[in-house]
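Asker: model the following, please.
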Amino acid sequence: SGFKKLVADTLCPQNGLIRVNSAVPAITPYVLFNVDYTAEASEKRLGMVSFWVNGITGVTRIDLGDALLWTVDRIATPSIDQQINIDFEQLLQIGSQHSERLIEQELLPWRQKNHRQLQRDEKRISEYYGDIIQEITAKSQKRKLKEEEFEREKNRLEATKLELKRKLIDLHERSRILVTAQLHSALIVWLQTVHINCQLIRKKQKREVVAVWNPYHKQVEPLRCSKSNNSVTNFYLTDESAQIICPTVW
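Answerer: Below is the predicted model of the structure:
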């Protein structure tokens with residue numbers, strides 16, 4: 001009981017309504033993704049990100065708390081995976097997108113450090129070659145050079161500019177971070193939850209969705225944006241089919 005208020009307090013469509021029809025106990029699969037990655041620039045870094053995905057809703061950023069430590073609640077369910085249809089292809093796509101965001105967050109301090117170093121090196125090289133270019137330009141303007149000498153200084157000026165451009169391109173290439181990632185392993189855990197059958201209403205459009213109440217952190221889990229696959233609690237509904245869209249991509 002009390003799920004209507006929980007849903008109303010947690011899930012907020014900005015341009016429509018959400019209606020709770022029923023709430024039933026249900027077994028929900030959760031998938032633990034472990035994705036390892038390699039980042040290479042002037043140095044090489046190895047890492048791994050791990051996260052849970054709801055196998056029914058595809059919602060990421062799930063917190064199971066201490067659920068896996070409760071060994072007394074573990075039961076044998078040899079055929080449970082045959083009773084619930086899991087879209088593994090969709091979950092893999094969602095997991096890939098989420099792992100990319102997590103890896104980017106982990107590498108952000110390193111990227112910022114490399115960017116600051118790149119700016120310092122760019123300034124140093126630009127100032128060095130800038131002084132040479134100014135010297136050649138001043139020499140050509142102040143002295144009355146013969147045609148042969150003028151052409152020589154002009155070629156020297158162009159060669160210096162080309163060398164500066166090549167140095168800057170090489171600097172950017174060496175500071176670029178190349179990241180590769182792959183799925184290391186995945187684990188499916190089946191947990192006792194409550195499925196809250198809801199209806200999203202936008203004008204004349206209605207759509208059925210399932211919200212999951214997770215007893216391990218005692219909250220209604222977010223829903224999933226149809227475009228970005230981001231987890232959302234505040235969202236918009238499309239006019240055509242009442243699809244969930246997060247504010248950032250609306």
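Asker: now do stretch 180-200, average pLDDT.
Answerer: Within the predicted structure, the mean pLDDT of stretch 180-200 is 93.
Asker: can you check stretch 139-158 too?
Answerer: Mean pLDDT, taken over the full extent of stretch 139-158, equals 75.
Asker: so which bits of that stretch are buried?
Answerer: Ser140, Leu157 (16 or more other CB atoms under 10 Å). C-beta: built from backbone N, CA, C; applies to glycine.
Asker: ditto for stretch 103-122
Answerer: Of all the residues in stretch 103-122, those buried under the rule 16+ other CB under 10 Å are Ile103, Leu107, Asn114, Leu118, Asp121.
Asker: then stretch 181-196?
Answerer: Residues of stretch 181-196 classed as buried: Ala181, Trp190, Leu191, Thr193, Val194, His195, Ile196 (neighbour count, 16+ other CB under 10 Å).
Asker: which of these fall in strands?
Answerer: Of the buried residues of stretch 181-196, the ones assigned to strands by DSSP state E are Ala181, Trp190, Leu191, Thr193, Val194, His195, Ile196.
Asker: and the buried residues of stretch 103-122 as JSON lines, adding secondary structure?
Answerer: Written out in JSON lines, the entries for these read as follows (DSSP: H, G, I helix; E, B strand; the rest coil):
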{"residue": "Ile103", "secondary structure": "helix"}
{"residue": "Leu107", "secondary structure": "helix"}
{"residue": "Asn114", "secondary structure": "helix"}
{"residue": "Leu118", "secondary structure": "helix"}
{"residue": "Asp121", "secondary structure": "helix"}
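Asker: now do the helix or strand bottoming out on mean pLDDT in the chain: which elements does it pack against?
Answerer: Of all helical and strand segments in the chain, the minimum by mean pLDDT, DSSP states H and E falls on helix 147-175, at a mean of 86. With contacts defined as 3 or more CB pairs under 8 Å, 6 or more residues apart in numbering; DSSP states H and E, the secondary structure elements packing on helix 147-175 are helix 88-142.
Asker: the helix it packs on: how far from the chain's middle?
Answerer: 20 Å (CA atoms, centre = their mean, to the nearest Å).
Asker: which elements pack onto that helix?
Answerer: Packing contacts for helix 88-142, counted by 3+ CB pairs under 8 Å, 6+ apart, involve strand 17-40, strand 44-54, helix 147-175, strand 178-202.
Asker: the inter-axis angle of that helix versus helix 147-175?
Answerer: In this structure, helix 88-142 runs at an angle of 160 degrees to helix 147-175, with axes from the mean of the first three to the mean of the last three CA atoms, to 10 degrees as the basis.
Asker: tell me the angle helix 88-142 makes with strand 44-54.
Answerer: Orientation check (the same axes, to 10 degrees): helix 88-142 against strand 44-54 gives 140 degrees.
Asker: returning to that earlier point: CSV for the buried residues of stretch 181-196, including distance to Ser96?
Answerer: Shown next, in CSV, are those (distance: CB to CB, whole Å):
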residue, distance to Ser96
Ala181, 8
Trp190, 23
Leu191, 23
Thr193, 25
Val194, 29
His195, 26
Ile196, 28
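Asker: any low-confidence regions in this protein?
Answerer: Within the chain, the ranges that satisfy pLDDT under 70 run 67, 73, 75-83, 142-146.
Asker: nearest residue to the middle of it?
Answerer: Among the residues of the chain, Arg101 comes closest to the average C-alpha position under CA atoms, centre = their mean, at 2.1 Å.
Asker: no further questions, thank you.
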